[in-house]
Structures are given as C-alpha cells and as structure tokens.
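Engineer: My questions concern the predicted model and sequence given below.
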Number of protein chains: 2
Amino acid sequence: MSDATVNGDRLWASLMEMGRIGATEKGGVNRQTLTDGDRLSRDLFVDWCRQAGCAVRIDRLGNIFARRSGRDDSLAPVLAGSHLDTQPSGGKFDGAYGVLAALEVIRALNDAGVETARPIEAVSWTNEEGCRFTPAMAGSAAFAGVISLDDVLGRADRDGLVFDDELTRIGYRGDDGPISRDIAAYFELHIEQGPILEARQRTIGVVQGAQAQRWFDVELTGQESHAGTTPMITRRDALLGASRIVEAVNRTGFAHAPDGRATVGQFDVRPNSRNTIPGHVFMTIDLRHPIEDALTAMIGEFEAAAQDICGELNLDIEIRETARIAATEFNDSCISAVADGADALELEHMDMVSGAGHDACHMALITPTSMIFIPCKDGISHNEIESATPDDCAAGCNVLLRAVQKLANAV
Amino acid sequence: MSDATVNGDRLWASLMEMGRIGATEKGGVNRQTLTDGDRLSRDLFVDWCRQAGCAVRIDRLGNIFARRSGRDDSLAPVLAGSHLDTQPSGGKFDGAYGVLAALEVIRALNDAGVETARPIEAVSWTNEEGCRFTPAMAGSAAFAGVISLDDVLGRADRDGLVFDDELTRIGYRGDDGPISRDIAAYFELHIEQGPILEARQRTIGVVQGAQAQRWFDVELTGQESHAGTTPMITRRDALLGASRIVEAVNRTGFAHAPDGRATVGQFDVRPNSRNTIPGHVFMTIDLRHPIEDALTAMIGEFEAAAQDICGELNLDIEIRETARIAATEFNDSCISAVADGADALELEHMDMVSGAGHDACHMALITPTSMIFIPCKDGISHNEIESATPDDCAAGCNVLLRAVQKLANAV
C-alpha cells in the first residue's frame, strides 16, 4: 500500500513527554478534564500538530481536530484519536496512546511524503473519563448527537464549577461552528484494559464491537436480630440472600463465557454489627454481553435466581434498572482494514469485543468505525501502574497507519 | 411449699413506672449505665427496696444488693436479679424485669408472712449492657473475679468520661467492703430475647446454660479490576469468595442445629464501586454452641471451607480469632428448682440454652446458678419495640419465687 512506517521511538518519546503532565509519584497521571493539567496536555498536543503541518480546529466543547489535507479536501475526512484526560489515579496510556498514535500516523505520512485521497484528522475528545463531569465520553456524545451541547456545557463538578466556565478558563472554548459533520471513518487505538491479549500472546486485538450493558440496584430486606438467640431456622438473613445472589450473578457470567461479564461491585450491609444478623443489603449488579439477546438471557437468569433465593429465605427484594447501554457493532470495512493491516505486518492478532465504553461507541452511531487494541501489563488500567511496551505501542500504531490510509484512499 | 404468690399487677405497675425513666418516643428506653437516667432508676429501685423492709448495700462498683433477712442471717444468701441499665434504644424488659421480679419475690414473701432459712437479696448489677463502657457485664464480672475492680473503674467512654468519676457523680460509689462474698445460689429471670418460647408456645424456659462463643475477623484479598474488560475466568473476586464463606458459615450453623448459631454480621467491600470487581472484603464470623466440642467442630468446618474457597478462587485469606467465651453449664439443683416450680404452677416449660451473655454466666463461675426465660414478642430485644405480656411476666416471677424459696430453705 505504501512505504510509510511509524517511528516507534518518536511515538514513545511523545507518550513519555505527555505523561509528565500531571505525573503522580507512583508513575501514573492525574489529568482530569478541564483542569490546568488538561490545558497543558492540550497545549502540547496542539503545538505538536502544528509542527506536523496540521490545521487545528477547536470546537465549542473543546474537542481538538488536527487536519492533514488530502488530495481532495472537499471529501469527508478519516478521523483517528482518543482522549487526553485521565482518571484521578490513571496511567500514561489510557487515551493518550490513541491521540498520540493518530499524530504519529500523520508524522509518518509526512516523513514518507505519502498523500491520501481524503483528509486525515487526529482528534482528542473532551471529557472521556467522566470522573469530574458526567457523563463520560461527553465530547463524542455531543458529536454523535447522543447528548445536546447545552446539556454538556451546563454540567457542574462536585465543587459546583460549571463545565462551560472551566472550558473557557483553560482557553479551549472553541468556535461556534457545527458540533458535528460528515466523517468518512473513525479509528481508535487503545490499550485493551483487560488481560486477554497478554494471556493469548497476541499483539493486536481486532475489535468487533462493544458490549451491551445493564446496571441494576438491588435491595434486600429481612429482619435484623440477635446472632446468639435467633435459631438458624427462623432467620431472615439479608446477607445470606445477597451472598446467594452474588453466586447466581457469577454463575450467569460463566454460563455466557467467554463474552459475558457479570459483576457485583457495590455491597452495603446494615446494621453491619458483628453480633447482629443483617436485616438489609444494598448491592449493585453490572451485566455485559456483546449480543443483546444474550444479555437479555443473562438478566432473566439473574432476576429469576434472585426471586427464588428471596422466596426461599423469606426476604423482600427490589430490583431497579439504573443504566442501559446498547451493544455496539463496528463496521466491517473498518474491521477488515485493521485485520488486513495486522496481517500485512505479520502481527499475531485476534478478534475481540471491548468490555469498556469508548468514544468509538458514539462514533459508530454516525460513521464507519472500529478499534484496535494492544496488550497492557496484567490487564490493569485506571491505575497508576498501567503499562504497555514500546514494541506493542509501535505495532498498534503501524496497524492504525495502514487502516487509516486504506479508508482515506477509499473514495 | 408455701402459699406465697406474686402480685402480677404490682409487678407490671413497677415495670411500667421504671420504664418511664429514660422513656423514648417509640415506647422504648434509653438508660445507659451511669447516666442521669441510670441514677433515677437506681433511686427508685432503692426506695422500693427500703419500703419492702430491705437493708440496701451499694458496693464499690455501684452494684445494689437489697437484703431480706433469713432465719439465720449468718448463712450465705440466695441472690436474684439482673440489671437496670439499657441499650441506647432498648426496651422496658431487658434487665429491669429480672431486677423488679426479684423485688416482687421479696414483696410477695412479705405479704404472705413467709420466712426463709437464708437471707434473700435482690441485686441490680452495674453496666450489664457494655454499650457505654466496656466490658459488658462488668459488675458481675468483678464480683466473680473475672476482672479487677481497678480495671472496671478506670475505663473511659467515647467522650473520655471515666467510669469511677461517673459512678461518683451519680452518687453510687458505694462502700469499700469486699467486692465478692459467699453466695448460696443465684437466679436470673429474663425475657428470652429470641423466638423459641413464643414459637413453641411455652411460658417458661428452663435455662440449662449459655453458649460458648468464638468471634473471628476474616480478610480476603483478590485483585480489583475492570468489570467490563476482565473475563470471568481470570477474576480474583474477593466478594465472590466472601459470599461463598457466608454460605459455608450458614451451612455450619444448620449442620449443628438447633443449638448451633453461625452468623456473618459485618461485611465491608473495597473499593465498593459499581463497575469494579472487588479486590478486598473484611467480614466477621460469630459462632456459638452450648457444647465446646461442637463449637470446635463448627470452627473446623468454617475454616476448612474458607481455605478451600480461597484456594479455588486464588484469594489470600487471613483469619484472626478476636473473642473466646467458654460455655456455661448451670447448676443442676438450681435448674431442678426452676423446673419443679414451673411444674407445680402447671406452666408449660422447656429446656433451653441462652444464646446471649448474662450476669448469670459470671455468677455460675462462683455459685450454683440458673436462669428462667419468658417469651418476648417476635423474639425481638435490644429494640424499642421489645415486648412481653403481663401474664408471662407474672408466671416467670412465680417460678422465680418458688426457686428462690427452695434454695433459701436448703441448709
């Protein structure tokens, strides 16, 4: 296709330099959205993009688009990117890798003097993490029309600071042009944030889509009573019921392996006293599966089991759905472009599904989209010890280069 | 044996009048030890005892002994009583019933003009509940030599107020005479604080002893990770392990029914986040059985199951014993005196074991002792809705009268 190839050392150096902004003592990064750290990371990225000859546009939400012209600039561009904001104790790779790899694609094309038919844009989305302002993935959500511009701009953080004020304060309130526009394709390169590639010793994950999700709050009510005087047979132990539901939720996950995920994450027991039988438990259930029908089956299994358990133990139960995210199916042409790129580079790859949400899930609603994963050490992310190797970072970036070129030349 | 019989109306009126001291809006009582409420309840009790012709002695810990002379006052007395202090949201019956029933026994003997060979004393023990100052059952513990006088006097509450200062403040720092002395027998009448008598429709519980207890802290450590990206098979879910331990603890309780009790009361999950697999759980285990060997078997079953569960789930586990209370076996003569009294009164009775600790457990270490239980509504205690009927209160008191008389005439 082309002789362009990425410069792995340059990519790594950029990643390490970006990682110094908001660096934490334990080697991680705290660069929450619209903070001074976020501003510095944006300044650095914009500076690098301009040095690479790009035209930089900031939109009303602070999304940054760095454009490398195509042979025909009237054609819709191919976008690649991710986000520069992080969790409070995040790592150097989650988000920043996808943004800087998109920049490296542009640098590599420049080095090789390779033109593409369509323009290519490196994008950094505002507020992907959602830890300071809800919702997560806000910049791409507005771009995809999932949420209104005003809704995002009006959100306040825990200290009452308003999104739009903070955006203005850091100097990234951009132009009032349309928040969305026609895009030819979107690619997002990311660390896996899970253990599968490492365990299977594959360098590239060819991401087919993202899981559907349902979140539930569950409350169990029994009767609190004395641990010494209450016989086993007369107890209405809410913790025993909750424990059996944990087991049932886990069983549901295994029944739909390897793609199903079923987790009880939050668990509050009352009165939480050593010698009192618990009368009340609040727990949360997180169910995910890439196929909606399978997720529906999982929900049915969990709910039936929970009702049976509570009937048997004479407990009252209330189940409330608190979040519902549809499954994302990525675009076949984009997926093939990634797989073909990995094949051409002789990189071991495998098909997989994203367990986490990404900006790509929003972009998939409005344009052909797919993602590329690379391994991260021990599958750990959202953590200061998050880590990936220079070789894997370069490999993933070369796959991105090929996929972007392919779509940017498809006219 | 005698024609003495208790006056159920007088007993009930005394209980209701005592219940007004520290009364709460929901019909319960908040009369924690060495508070102004405790002082008022002591003043009322002492006043009533003197009106009944008793000689009242207060010891160094504020334990109150109201003595009715026997034919030979040089003989060791028979004691009956319980405590007047309550939990912060306690009821009218826990403790006060045993104290006022002992007073009613003296009043009934006075009414009938019946003498006994030995003196009889109604006792109110200081700080049975232990909710303000540790340890619980402190007055009887010192009397039985289980704890030193100085240890009790030096304890501070959460506000830093010292036991001895508070005792002095309420005017119940008694004489410096010996804290213990020779006692012929001790009886304690109490509401069951459990559901068995009510369920079995028996008026009298003939208490054979109290359960042995062991308390454990258990900590499980796995690996916190992302609920979406971590496959079921690679998880190290501390909550799943803890849930299986709850099930195993419960199974152990049932395996040793009806006397075994096995409870997980406290349960703290970290990071306790909806979309993160829990990496850490702290939980407490409370195991009880009236027979030491059976309790040892229960501990063995729980520990083996916990180790197996953690081995299977690749979790680290730490088990620490935090409390150890030996089983109490009450005295055969005292137990028979209670059973004979119930038979003579044609009251339905059953043998049972106390699931809770009582001052009687300390007294059993130094003198022939037993307890009498009556039903309480729905088995609920340590609660403002704690309730018992006037008829049951009178019936229990008549059994106490007969048992006390029997031992007070055994010379």
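Structural biologist: Structure received.
Engineer: ok, and the closest non-adjacent residue to residue A:376?
Structural biologist: Leaving aside its chain neighbours, residue A:376 sits nearest to residue A:191 (4.0 Å; criterion: Cβ to Cβ, 6 or more residues apart in numbering or on different chains). All C-beta atoms are positioned from the backbone trio N, CA, C, and that covers glycine.
Engineer: Okay, and residue A:127 sits in which element?
Structural biologist: Secondary-structure assignment from DSSP states H and E places residue A:127 in no helical or strand segment.
Engineer: who's in contact with the residue in the stretch 301-411 of chain A positioned nearest to chain B?
Structural biologist: Nearest residue of the stretch 301-411 of chain A to chain B, counting by Cβ to the nearest Cβ: residue A:355, 3.3 Å away. Going by Cβ atoms under 8 Å, 6 or more residues apart in numbering or on different chains, residue A:355 touches A:193, A:194, A:210, A:211, A:261, A:288, B:226, B:227, B:228, B:229, B:230.
Engineer: Format these as JSON lines; extra columns: neighbour count, pLDDT and distance to residue A:249.
Structural biologist: Formatted as JSON lines, the contacts of residue A:355 follow (neighbours: other Cβ atoms under 10 Å in any protein chain shown; pLDDT from 0 to 100; distance: Cβ to Cβ, whole Å):
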{"residue": "A:193", "neighbour count": "25", "pLDDT": "94", "distance to residue A:249": "22"}
{"residue": "A:194", "neighbour count": "27", "pLDDT": "92", "distance to residue A:249": "19"}
{"residue": "A:210", "neighbour count": "25", "pLDDT": "95", "distance to residue A:249": "21"}
{"residue": "A:211", "neighbour count": "27", "pLDDT": "95", "distance to residue A:249": "16"}
{"residue": "A:261", "neighbour count": "31", "pLDDT": "96", "distance to residue A:249": "10"}
{"residue": "A:288", "neighbour count": "30", "pLDDT": "96", "distance to residue A:249": "12"}
{"residue": "B:226", "neighbour count": "22", "pLDDT": "89", "distance to residue A:249": "16"}
{"residue": "B:227", "neighbour count": "27", "pLDDT": "92", "distance to residue A:249": "11"}
{"residue": "B:228", "neighbour count": "21", "pLDDT": "92", "distance to residue A:249": "15"}
{"residue": "B:229", "neighbour count": "25", "pLDDT": "91", "distance to residue A:249": "17"}
{"residue": "B:230", "neighbour count": "25", "pLDDT": "92", "distance to residue A:249": "14"}
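Engineer: Phi first, then psi, for residue A:128.
Structural biologist: phi -80, psi -40 (degrees, to the nearest 10).
Engineer: State the phi and psi torsions of the residue nearest to residue A:278 when sequence neighbours are not counted.
Structural biologist: Of all residues not flanking residue A:278 in the chain, residue A:239 sits nearest, at 4.1 Å (Cβ to Cβ, 6+ apart). Main-chain dihedrals, residue A:239, degrees, to the nearest 10: phi -70, psi -40.
Engineer: count of residues packed around residue A:239?
Structural biologist: Using other Cβ atoms under 10 Å in any protein chain shown, residue A:239 has 29 other residues around it.
Engineer: Residue A:261 and residue B:226 touch, don't they?
Structural biologist: No. Using Cβ atoms under 8 Å, residue A:261 and residue B:226 do not qualify as a contacting pair, with a distance of 9.2 Å.
Engineer: Identify the residues contacting the residue nearest the centre of chain A.
Structural biologist: Taking Cα atoms, centre = their mean, the centroid of chain A lies closest to residue A:358, which sits 3.2 Å from it. Applying Cβ under 8 Å, 6+ apart, we find residue A:358 in contact with A:82, A:128, A:137, A:188, A:190, A:210, A:371.
Engineer: Show me those that map onto strands.
Structural biologist: Applying DSSP state E to the contacts of residue A:358, the entries found in strands are A:82, A:188, A:190, A:210, A:371.
Engineer: min pLDDT across those, which one?
Structural biologist: Lowest pLDDT among the ones in strands among the contacts of residue A:358: residue A:210, with 95.
Engineer: ok, back up a step: reformat the ones in strands among the contacts of residue A:358 into CSV and put distance to chain B next to each item.
Structural biologist: Shown next, in CSV, are these (distance: Cβ to the nearest Cβ, whole Å):
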residue, distance to chain B
A:82, 16
A:188, 15
A:190, 11
A:210, 9
A:371, 13
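Engineer: Provide a list of residues in contact with the nearest residue to residue A:408 once chain neighbours are set aside.
Structural biologist: Using Cβ to Cβ, 6+ apart and skipping the chain neighbours, the partner closest in space to residue A:408 is residue A:116 (3.8 Å). When contacts are counted by Cβ under 8 Å, 6+ apart, residue A:116 touches A:68, A:70, A:71, A:78, A:109, A:404, A:405, A:408, A:409.
Engineer: could you dump those to CSV with distance to residue B:393 and pLDDT?
Structural biologist: Below are the contacts of residue A:116 laid out as CSV (distance: Cβ to Cβ, whole Å; pLDDT from 0 to 100):
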residue, distance to residue B:393, pLDDT
A:68, 90, 98
A:70, 93, 98
A:71, 98, 98
A:78, 85, 98
A:109, 92, 98
A:404, 85, 98
A:405, 90, 98
A:408, 89, 98
A:409, 93, 97
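Engineer: Quick check: the farthest pair among those residues?
Structural biologist: A:71 and A:404 (14.9 Å; Cβ to Cβ).
Engineer: Looking at the two, which is more packed in?
Structural biologist: Using other Cβ under 10 Å as the criterion, residue A:71 and residue A:404 rank with residue A:404 on top: 29 against 13.
Engineer: Touching, that one and residue A:77? I think so.
Structural biologist: No. At 10.2 Å, residue A:404 does not count as touching residue A:77 under the criterion of Cβ under 8 Å.
Engineer: Can you pull the residues that touch both of those two?
Structural biologist: residue A:120.
Engineer: if I pick residue A:134, what's in contact with it?
Structural biologist: With contact set as Cβ under 8 Å, 6+ apart, residue A:134 has these partners: residue A:155.
Engineer: what's the spacing between it and residue A:354?
Structural biologist: 21 Å (Cβ to Cβ, to the nearest Å).
Engineer: Could you do residue A:68 as well?
Structural biologist: 27 Å.
Engineer: What pairs with the one helix or strand residue A:318 maps to, parallel or antiparallel?
Structural biologist: Using DSSP H and E, residue A:318 maps to strand A:316-325. Strand A:316-325 has its sheet partners listed here by DSSP bridges as strand A:212-221 (antiparallel).
Engineer: I'd like the distance from the longest helix seen in chain A to the chain centre, please.
Structural biologist: Determined from DSSP state H, the single longest helix within chain A is helix A:292-313. Counting by Cα atoms, centre = their mean, to the nearest Å, helix A:292-313 is centred 28 Å from the centre of its parent chain.
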